[in-house]
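J.: 3D, please:
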Amino acid sequence: MTVAVAIKLVDLRPEIDPLSGTVRGGHRWDRHTLGVSAADWAAVETALRIGSAWGQEVVVVSVGPPEAEGVLREALTLGAVRAVRVELPTAGPHGSASSSTVAAALASVVGSEGPAPAGLVVCGAASPDRGSGSVPAFLAEELGAAQALGLVSLETAESRGRGELRGVRRLDGGGRERLRVAVPAVVSVEAGVAVVRRASLEGLLGARSSVVETALAPAPRDGFSGFPHRPGPFRPRPRALPRPDPSEDARRRALALAGAPGGRTAPRVVTADPERAADELLDYLREIGLLPRGAGAG
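T.: The predicted model follows:
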């Protein structure tokens with residue numbers, strides 16, 4: 001069984017518009033600003049440790065442009081045996097592919113019928129550019145494998161002669177969840193899980209002659225490999241406001257639309273059974289205009 005690790009090439013120092021906070025689309029790519037996140041390097045180190053414990057080879061995979069070969073070659077210096085760069089079939093700006101498209105491209109390489117089939121895939125928890133952290137979940141669905149995401153600790157274990165992983169995931173409120181994961185599986189780790197090792201002299205010399213393989217991902221099933229780009233910063237949906245009373249004069253209606261402060265209604269506490277409390281809540285929502293008259297009745 002091969003252990004695969006998926007990394008993503010990102011711009012670690014993008015040009016940000018100071019007014020809108022968006023990444024400028026025309027910024028130039030500089031090889032000195034390209035790299036991978038600390039979480040991805042932690043994933044590389046974790047995969048190398050697991051591969052050493054299980055006696056398995058480690059393959060590093062990345063979906064990205066030709067510039068990604070630099071970080072793939074750097075992973076080879078650390079101990080990975082193979083490096084595969086996956087090219088998307090449709091042209092587009094780097095980072096514009098959706099998470100499901102990236103996961104399908106990775107699955108075409110590390111799946112059972114791909115050039116580098118793997119029983120375990122290790123990913124970083126999230127990339128610093130988009131940061132959704134959804135690619136590992138999509139990848140687990142593509143491979144039909146178990147998933148354990150956002151781990152703060154990951155160790156190997158043996159269970160009935162089969163490889164098994166034991167991880168810890170952070171929960172809200174400071175809690176921890178202990179997991180036992182059987183392969184095949186897809187896991188994602190946070191940056192604090194491991195510190196990447198230094199490359200040895202032998203690894204540095206060997207990476208000079210190593211070859212980064214290139215694979216072409218299949219066409220997206222829905223025929224679309226990206227997502228629409230917003231020309232400006234994200235704007236939340238407008239909040240629905242109650243309609244002013246049409247019987248009021250124009251000045252009062254304008255004040256109501258502008259949200260001018262009016263008479264404050266004293267809060268009240270309803271102590272009733274659940275059915276009566278639900279009716280009180282619906283009546284209040286109809287009273288302030290958030291529900292039309294008659295809605296929720298019955």
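J.: rest of the way, CA atoms for contacts and neighbours
T.: Will do.
J.: what does G114 show for phi and psi?
T.: phi -90, psi 170 (degrees, to the nearest 10).
J.: helices along this structure, start to end?
T.: In the chain, the helices defined using DSSP state H lie at 38-54, 69-78, 99-110, 135-143, 201-209, 250-258, 274-287.
J.: what is the orientation angle of the longest strand seen in the chain with helix 135-143?
T.: As assigned by DSSP state E, the longest strand anywhere in the chain is strand 146-159. Angle, strand 146-159 to helix 135-143, by axes from the mean of the first three to the mean of the last three C-alpha atoms, to 10 degrees: 80 degrees.
J.: go through the helices of the chain and name the closest to K8.
T.: helix 38-54 (7.4 Å; C-alpha to C-alpha).
J.: so which elements touch the closest one?
T.: Packing contacts for helix 38-54, counted by 3 or more C-alpha pairs under 8 Å, 6 or more residues apart in numbering; DSSP states H and E, involve strand 3-7, strand 58-63, strand 120-124, strand 146-159, strand 185-189.
J.: how about residues contacting that helix?
T.: Here helix 38-54 makes contact (C-alpha atoms under 8 Å, 6 or more residues apart in numbering) with 2-8, 56-58, 60, 75, 79-80, 122-127, 154-156, 163, 188-197.
J.: chain neighbours aside, what residue packs nearest to the most centrally placed residue in the chain?
T.: Central residue of the chain (C-alpha atoms, centre = their mean): G133, 1.4 Å from the mean position. Of all residues not flanking G133 in the chain, A126 sits nearest, at 4.3 Å (C-alpha to C-alpha, 6 or more residues apart in numbering).
J.: contacts only, for that neighbour.
T.: Per C-alpha under 8 Å, 6+ apart, neighbours of A126: 39, 132-134, 190.
J.: ditto for V102
T.: 63, 135 are the contacts of V102 under C-alpha under 8 Å, 6+ apart.
J.: and the closest residue to V168 other than its chain neighbours, what is it in contact with?
T.: Of all residues not flanking V168 in the chain, R178 sits nearest, at 4.6 Å (C-alpha to C-alpha, 6+ apart). Listed by C-alpha under 8 Å, 6+ apart, the contact partners of R178 are 166-169.
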